[in-house]
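> model this:
(one chain, ligands or ions: 1)
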Amino acid sequence: MAKLIEGKLVAKKILENLSDEILFLEKKPCLAVIIAGNDPASKIYVNSKKKKAEEIGIKSIVIELPENCTQQEILEKIYTLNNDESVNGILVQLPLPAHINTKEVLEKINPIKDVDGLHPYNLGHVASGSKPYAHPCTPTGIVRLLEYYDISVSGRHAVIIGRSNLVGRPLSYMLLNQNATVTICHSKTTNLQEITKQADILVSAAGRKNLVNADMIKEKAVVIDVGINRQEDGKLCGDVDFWSVEPKASYITPVPGGVGPMTICSLMQNTFDLYKIQNKI
Ligand code: NAP
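Numbers count the residues shown, from 1 in each chain. Next up is the predicted model:
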């Protein structure tokens with residue numbers, strides 16, 4: 001039986017400590033979120049980020065733009081926030097409406113305010129093994145979970161399913177920087193099961209329900225499920241068939257309550273870290 005990696009609990013502890021540190025600051029850190037369009041899931045995510053920020057003493061600003069907003073309107077908002085000294089972190093909620101050039105939007109954020117760590121400056125530093133202003137939030141959350149549970153990475157084979165800029169790619173570099181041997185799989189990988197069965201640490205970030213079952217993992221593997229999918233009954237589930245995999249794994253994250261809370265936690269930590277960098281603390 002696997003040990004449950006309780007992201008919700010770990011995030012709560014980290015945020016309590018962060019809240020204590022923020023309490024003593026005269027000027028509070030500030031996170032600005034831009035959301036464009038009407039995607040219901042994005043609205044829920046933005047609301048929970050705002051709520052969590054306020055709970056721990058971070059000021060939050062949400063800028064809502066309509067679905068038919070122009071590229072120029074978004075870039076102007078970013079320009080204003082880049083030049084607003086009271087704003088420490090800028091996050092653009094993804095996905096943006098289809099007509100918007102997301103790459104250009106992310107590249108216009110001042111890297112020192114890039115709280116999601118998705119600007120090429122920050123991703124480049126992660127890729128080259130040097131220090132970015134901010135690491136991407138979800139991979140950071142995963143690395144912190146592994147650290148919290150004392151799961152060693154060095155010398156172990158980490159297999160990541162998914163190669164997005166948001167999760168798979170930056171995580172691969174972060175684990176490589178910790179001396180893991182890393183393999184990335186994606187939708188064109190032909191022998192997925194053959195590769196996943198070699199993983200000491202398996203991370204699934206594909207967004208495909210039941211993609212990973214017990215036949216795909218090695219005995220005692222550490223299984224990290226990043227996926228967020230909807231079941232027929234409306235409940236959330238990950239990419240991993242939890243009940244088949246759990247008896248074979250050594251550690252496993254649940255969905256919900258695993259990686260998700262750690263992503264928000266990293267966002268708050270990044271806001272605070274950027275505040276400290278900008279204020280030379
Ligand atoms: P994404 O941009 O859609 O990337 C998904 C990746 O998975 C792609 O690289 C894709 O391959 C690969 N993939 C899809 N189906 C596959 C299959 N059958 N076999 C192997 N690889 C496959 O998604 P994302 O933004 O990285 O997010 C991934 C999942 O994590 C989603 O469910 C998302 O909701 C969730 N998520 C959760 C959190 C959290 O905090 N828990 C944070 C971020 C994302 P190709 O590149 O070849 O298309």
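> Isn't Gln278 up against Ile112?
Yes - judged on Cβ atoms under 8 Å, Gln278 makes contact with Ile112 at a distance of 6.4 Å. Every C-beta, even on glycine, is put in place using the N, C-alpha and C of the backbone.
> how about the strands in the stretch 101-250 of the chain?
Ranges of strands in the stretch 101-250 of the chain, per DSSP state E, counting those that start in this stretch, are 157-161, 181-185, 201-204, 222-225, 229-230, 236-237.
> Now Glu26. Its backbone dihedrals?
phi -70, psi -50 (degrees, to the nearest 10).
> Distance check, it against Gly57.
According to Cβ to Cβ, to the nearest Å, Glu26 and Gly57 sit 12 Å apart.
> These two - which one has more neighbours?
With neighbours defined as other Cβ atoms under 10 Å, Glu26 and Gly57 compare such that Gly57 has more, 18 against 4.
> burial count for the closest residue to that one other than its chain neighbours?
Excluding the flanking residues, the one nearest Gly57 by Cβ to Cβ, 6 or more residues apart in numbering is Ile22, at 4.0 Å. The number of residues packed near Ile22 is 19, by other Cβ under 10 Å.
> can you check the one 10 residues further on too?
Residue crowding around Ala32 was assessed by other Cβ under 10 Å; the count is 24.
> That one sits in which helix or strand?
Here Ala32, judged by DSSP states H and E, is contained in strand 30-36.
> So which elements touch that strand?
Packing partners of strand 30-36 (3 or more Cβ pairs under 8 Å, 6 or more residues apart in numbering; DSSP states H and E): helix 40-55, strand 59-65, helix 71-82, strand 89-92, helix 259-278.
> In PDB, list the C-alpha atoms belonging to that strand.
Taking C-alpha atoms only, strand 30-36 is exported to PDB below (Å, rounded to 0.1, in the frame of the first residue of the first chain):
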ATOM      1  CA  CYS A  30       0.600  42.400  -4.300                       C
ATOM      2  CA  LEU A  31      -0.400  39.900  -7.000                       C
ATOM      3  CA  ALA A  32      -2.200  41.000 -10.100                       C
ATOM      4  CA  VAL A  33      -4.100  38.500 -12.300                       C
ATOM      5  CA  ILE A  34      -5.400  39.200 -15.800                       C
ATOM      6  CA  ILE A  35      -8.200  37.000 -17.000                       C
ATOM      7  CA  ALA A  36      -9.600  37.300 -20.500                       C
END
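> Next, report how far it is displaced from the centre of its chain.
Chain-centre distance of strand 30-36: 16 Å, with Cα atoms, centre = their mean, to the nearest Å.
> outside of stretch 59-66, which residues touch it?
28-37, 46, 49-50, 53-54, 73-74, 77, 81, 87 (Cβ atoms under 8 Å, 6 or more residues apart in numbering).
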